[in-house]
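Trainee: Okay, sequence plus prediction incoming.
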Amino acid sequence: MRRSRTIILIIICGLVAIFGGAGLRFYFAWHTSQADILKAFENESQKKENDSYAALLKEQGRFNILVMGEDNVEGSRRSDTILFVTIDIDDKNMRVISLPRDTRVQIPHHGTQKLNHAFAYGGPDLLKATVEKYLGLPILYYVVIDYDSFPEFVDMVGGVEMDVQKRMRYVDRAGGLDINIQPGRQLLDGKTALKYVRFRKDALGDIGRIQRQQQFIKALVKKAYDPRVLIKFPELAAQAMKIFKTDMSPTLAVQLAGFVQNELGRERMFFSMLPGEPAMIDRLSYWLGDVKAANAFLNAPVEALVSGDVTEGSGRNAKQVHFSTAGDNISASEDAKDNGQLGTSAARSGDKKDEMSKDELMTLIKSMPESVAVLNGTGKAGVSAEISTRLQQLGVDVIHSGNAKHFDYQHCNIVYPTNASEKVKTTARQLGTLLKIPKNLVRPSQQAFYASIIAGHDYKKLTILLDNMLKISNQ
């Protein structure tokens, strides 16, 4: 039975950071009241250790930490969720990037594999070495989380309030999993929260799950700032210490956590997912990550993150890197998500600089060598006809308009046959570029007969985009 780890990993890091601030307060108190801090740490050796770690925080500048989840089912060890966390002491910010488990990487001494296989082959040390090689960034420490205590942990903070965007229904009798969560704003208890963050049976699969998990993390961080939760620090910290194992000293962990709580607000905590796209290689599904874009997010000046303007590349080849903050609206509709995570405010506002000229628009449309289809993935009557008409007015050859196989597509997707010719693949990619569909949502499908746009519940964005293009084409 596969289990997601992302949420419990961030919960531990986040809660240790938020509730662990007591440790750093003890350190700061030492400067004004040495007797009190000696009493808190009970002996001089503990004080010296704490003092040395506080100095390390100042000297190190940035701490890169790999957070991974261990799932031991029937003796099979694996890590389905991997997070690269960097805490910047100098510029006072924290960045978290989720690495999909199917990311195609080179595992030392094991060749090209899916990222989560590294943990099965060599535990946290091999996974750490693999991610270091993949991202080209050193990792100082790792944290491994066992998942089983998650429901109890969520219940300890009094549950987490979420706005569930759609009904989540999935039954796996063999795995003992029965998910049935109704849509709407509600307080999720531990068991329901576990089901919420594990659900992946929708059009976006594991990518959709990561999106929901990041929303859950933000809701949890918000809950953690509640004074009624803060007073539970000793109990929560004790529970957290039972859940994770790490090669980091407990004292350093408390110092680092205290820095995060005392120095960072939610608007200085940034979240992203490894940009990329899905691919089938040798009959195996992979996530082909964009390492350059990931590094653009991880290494961008904090001012760029705060302003919401991070790009990879330059000139006409520049690509915006999408991310969100812990302070973003946690009730935002999933329709606001882009490229696997919530976009920045700049991306959501529809930046004018991305608008094509009439010549560029016509060139792009003419570059599609094959006809396309439009499918309604919403269940709302007339959606496919609405989009088809606009595409045809632009000069796109629409060969078919009809319904998709199901109506729970949250986002507009572009699909093409798994055995498609290069012309069909080119048409699908160019259609994705025209309609600003994220690359990870342009994918092969056994259900497709043509390069096809599947209208999701965010189709209104598409009709607005097409209307703007029609205005440009008529100029």
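Mentor: Thanks, I have it. Numbering: from 1, shown residues only.
Trainee: How about the contacts made by the nearest residue to L466 once chain neighbours are set aside?
Mentor: Excluding the flanking residues, the one nearest L466 by C-beta to C-beta, 6 or more residues apart in numbering is R390, at 3.9 Å. All C-beta spots, glycine's among them, are computed from the backbone N, C-alpha and C. R390 is in contact with 463, 466-467, 470, counting by C-beta atoms under 8 Å, 6 or more residues apart in numbering.
Trainee: CA atoms only: put stretch 106-117 into PDB for me.
Mentor: Taking Å, rounded to 0.1, in the frame of the first residue of the first chain, the C-alpha atoms of stretch 106-117 are listed here in PDB:
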ATOM      1  CA  GLN A 106      21.000   8.800 -11.900                       C
ATOM      2  CA  ILE A 107      21.300   6.800  -8.700                       C
ATOM      3  CA  PRO A 108      25.000   6.100  -7.800                       C
ATOM      4  CA  HIS A 109      25.900   2.500  -8.700                       C
ATOM      5  CA  HIS A 110      22.400   1.800  -9.900                       C
ATOM      6  CA  GLY A 111      22.000   3.700 -13.100                       C
ATOM      7  CA  THR A 112      19.000   5.600 -14.300                       C
ATOM      8  CA  GLN A 113      16.000   5.000 -12.000                       C
ATOM      9  CA  LYS A 114      13.000   6.600 -10.400                       C
ATOM     10  CA  LEU A 115      14.100   8.800  -7.500                       C
ATOM     11  CA  ASN A 116      12.200   6.900  -4.800                       C
ATOM     12  CA  HIS A 117      14.100   3.700  -5.700                       C
END
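Trainee: can you start the count at 346 instead of 1 from here on
Mentor: With the count now opening at 346, the last piece we talked about shows up as stretch 451-462.
Trainee: that older thread, and the helix or strand encompassing the residue nearest to L811, C-alpha only, in PDB?
Mentor: If you go by DSSP states H and E, R735 is part of helix 728-739. Only the C-alpha atoms of helix 728-739 are listed here, as PDB (Å, rounded to 0.1, in the frame of the first residue of the first chain):
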ATOM      1  CA  VAL A 728     -18.200  24.000 -23.000                       C
ATOM      2  CA  SER A 729     -16.500  22.100 -25.900                       C
ATOM      3  CA  ALA A 730     -18.600  24.000 -28.500                       C
ATOM      4  CA  GLU A 731     -17.700  27.300 -26.800                       C
ATOM      5  CA  ILE A 732     -13.900  26.600 -27.000                       C
ATOM      6  CA  SER A 733     -14.100  24.900 -30.500                       C
ATOM      7  CA  THR A 734     -15.800  28.000 -32.000                       C
ATOM      8  CA  ARG A 735     -13.100  30.300 -30.700                       C
ATOM      9  CA  LEU A 736     -10.300  28.100 -31.800                       C
ATOM     10  CA  GLN A 737     -11.800  27.800 -35.300                       C
ATOM     11  CA  GLN A 738     -12.200  31.600 -35.500                       C
ATOM     12  CA  LEU A 739      -8.500  31.800 -34.800                       C
END
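Trainee: and the next element down the chain from it?
Mentor: Once the chain leaves helix 728-739, the next helix or strand it forms, by DSSP H and E, is strand 743-748.
Trainee: Name the strands paired with that following strand and say parallel or antiparallel.
Mentor: Sheet pairing for strand 743-748, assigned by DSSP bridges, gives strand 717-721 (parallel).
Trainee: circling back to that earlier point, only the buried subset of the contacts of R735, as a PyMOL command please.
Mentor: Filtering the contacts of R735 down to the buried ones (16 or more other C-beta atoms under 10 Å) takes a single PyMOL command:
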select buried, resi 811
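Trainee: could the contacts of R735 go into CSV alongside distance to K568, pLDDT and secondary structure?
Mentor: Putting the contacts of R735 into CSV (distance: C-beta to C-beta, whole Å; pLDDT from 0 to 100; DSSP: H, G, I helix; E, B strand; the rest coil) gives the following:
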residue, distance to K568, pLDDT, secondary structure
T808, 37, 90, helix
L811, 40, 92, helix
D812, 41, 89, helix
L815, 46, 89, helix
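Trainee: Would you reformat the contacts of R735 as TSV and include distance to L482?
Mentor: Listed next are those as TSV, based on distance: C-beta to C-beta, whole Å:
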residue	distance to L482
T808	42
L811	41
D812	43
L815	45
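Trainee: closest to Q560 among the contacts of R735?
Mentor: Proximity of these to Q560 (C-beta to C-beta) peaks at T808, which lies at 25.7 Å.
Trainee: Which residue is the nearest non-sequential neighbour of that closest one?
Mentor: E731 (6.2 Å).
Trainee: By mean pLDDT, which helix or strand of this structure comes out lowest?
Mentor: Scoring the helices and strands of the chain by mean pLDDT, DSSP states H and E places helix 690-693 at the bottom, with a mean of 34.
Trainee: Wait, the residue nearest to T808 touches I809, no?
Mentor: No - in this structure, E731 is not within contact of I809 by C-beta atoms under 8 Å, at 11.6 Å.
Trainee: okay, these two: which has more neighbours?
Mentor: More neighbours surround E731 than the other of E731 and I809, with 19 against 11 (other C-beta atoms under 10 Å).
Trainee: Look up how far K478 lies from the more buried one.
Mentor: 48 Å (C-beta to C-beta, to the nearest Å).
Trainee: now swap in M439 and tell me
Mentor: Taking C-beta to C-beta, one finds M439 at 23 Å from K478.
Trainee: So L619 versus A564, what's the distance?
Mentor: 23 Å.
Trainee: and the two? which has more neighbours close in?
Mentor: Higher neighbour count among L619 and A564: L619, with 26 against 19, using other C-beta under 10 Å.
Trainee: can you pull the contacts of the closest residue to the more buried one other than its chain neighbours?
Mentor: Spatially, and ignoring its direct neighbours in sequence, L619 is nearest to G634 (4.4 Å; C-beta to C-beta, 6+ apart). By C-beta under 8 Å, 6+ apart, G634 lies in contact with 444-445, 448-449, 479, 619-621.
Trainee: Then F544?
Mentor: When contacts are taken as C-beta under 8 Å, 6+ apart, F544 is in contact with 513, 515, 524, 526, 554, 557.
Trainee: For it, give me the pLDDT.
Mentor: For F544, the pLDDT comes out at 80.
Trainee: Distance of the spatially most central residue of the chain relative to L779?
Mentor: Among the residues of the chain, the one closest to the centroid is M618, at 3.9 Å (C-alpha atoms, centre = their mean). For M618, the distance to L779 equals 24 Å [C-beta to C-beta].
Trainee: coming back round to it: comparing M439 and K478, which shows the higher neighbour count?
Mentor: In this view M439 and K478 are compared by other C-beta under 10 Å, and M439 has more residues nearby, 22 against 13.
Trainee: biggest strand in this structure by residues?
Mentor: strand 407-418 (DSSP state E).
Trainee: What strands flank it, and is each parallel or antiparallel?
Mentor: When DSSP bridges is applied, strand 407-418 pairs with strand 421-423 (antiparallel), strand 427-433 (antiparallel), strand 486-491 (parallel).
Trainee: export the ones you listed to CSV and tack on distance to H745 and mean neighbour count?
Mentor: Formatted as CSV, those follow (distance: least, C-beta to C-beta, whole Å; neighbours: other C-beta atoms under 10 Å):
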stretch, distance to H745, mean neighbour count
strand 421-423, 42, 13
strand 427-433, 40, 22
strand 486-491, 47, 21
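Trainee: looking at the ones you listed, which one has the lowest mean pLDDT?
Mentor: Averaging pLDDT over each of those puts strand 421-423 lowest, since it has a mean of 64.
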